[in-house]
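Engineer: Everything below, folded, please.
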Amino acid sequence: MKSKNDLPVGFLRENFSVNPETGSVLWSAPGRKRRVGAIAGTISPKGYLQIFLRLEGVNYRLYAHRVAWALHYGEWPVGEIDHKNGVKDDNSITNLRRATGSENKYNKPKQANNECGLKWVKKDNRPRVNPWRACVRKDKVEYAKSGFSSKEEAYEWASMTAVKLHGQFYNSGLDKP
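Structural biologist: As a prediction, this is how the structure comes out:
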């Protein structure tokens, strides 16, 4: 199965259109199982919209955020595309930005298996008076500090460190209202 930059943008423009406000990729050419104006794609197990099509005996899987970018800017994106607000199926052009793999990871929410509820913070297993540890990473370098008396104190240090290191890709990890 092929993906990404294998299809010319001209082909995309013949077969798709994009609503720049919503980011919805729409079929603009009829097909056996599709109608003109219908939203293209299905939600993948990871939450992204993906579009499957078969062309000249070759199967393609295209991510809708990459197709929306290519249709809007006239070229396939180089590298990764980050969803600024963290919503994987919000492909509005104002929500998409180029990112390196590392920058894309900075914008992730806290992990689902996070036990203390705060991004970058965990209980230090070593016996000590102040048991909380904070750890922020950038470009495979770990910035860590132990000995915090509370998880909130550790989070405050980690958050300030992450703002400096991650810049515009900073994500507090706190649930957004």
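Engineer: residue contacts, residue 80?
Structural biologist: 98, 99, 100, 101, 103, 104 (CB atoms under 8 Å, 6 or more residues apart in numbering). C-betas here are computed from N, CA, C, even on glycine.
Engineer: is it true that the last one touches residue 86?
Structural biologist: No - using CB atoms under 8 Å, residue 104 makes no contact with residue 86, being 10.7 Å away.
Engineer: Show me which of these two is the more surrounded one.
Structural biologist: Per other CB atoms under 10 Å, whichever of residue 104 and residue 86 has more neighbours is residue 104, with 17 against 14.
Engineer: Need phi/psi at that one.
Structural biologist: In terms of degrees, to the nearest 10, the main-chain angles of residue 104 are phi -60, psi -40.
Engineer: just residue 13 next, same as before
Structural biologist: Backbone geometry at residue 13, expressed as degrees, to the nearest 10, gives phi -70, psi -30.
Engineer: Offset the numbering so it begins at 56, please.
Structural biologist: Sure, I'll start counting at 56 from here, so that last one is residue 68.
Engineer: can you list the weak-confidence ranges in this structure?
Structural biologist: Within the chain, the stretches with pLDDT under 70 are 56-61, 182-183, 230-232.
Engineer: How is it divided into domains?
Structural biologist: Following automatic domain parsing, the chain resolves into domains at 57-154, 162-224.
Engineer: Give me the buried positions along the helix ranked longest in the chain.
Structural biologist: The helix spanning the most residues in the chain, taking DSSP state H as the definition, is helix 206-221. Residues of helix 206-221 classed as buried: 206, 209, 210, 212, 213, 214, 216, 217, 220, 221 (neighbour count, 16 or more other CB atoms under 10 Å).
Engineer: Just the strands from this structure, written as ranges.
Structural biologist: Under the criterion DSSP state E, the chain carries strands at the ranges 57-58, 71-73, 80-82, 97-98, 104-110, 113-118, 135-138, 151-154, 176-178, 187-193, 196-203.
Engineer: I appreciate the help and will end here.
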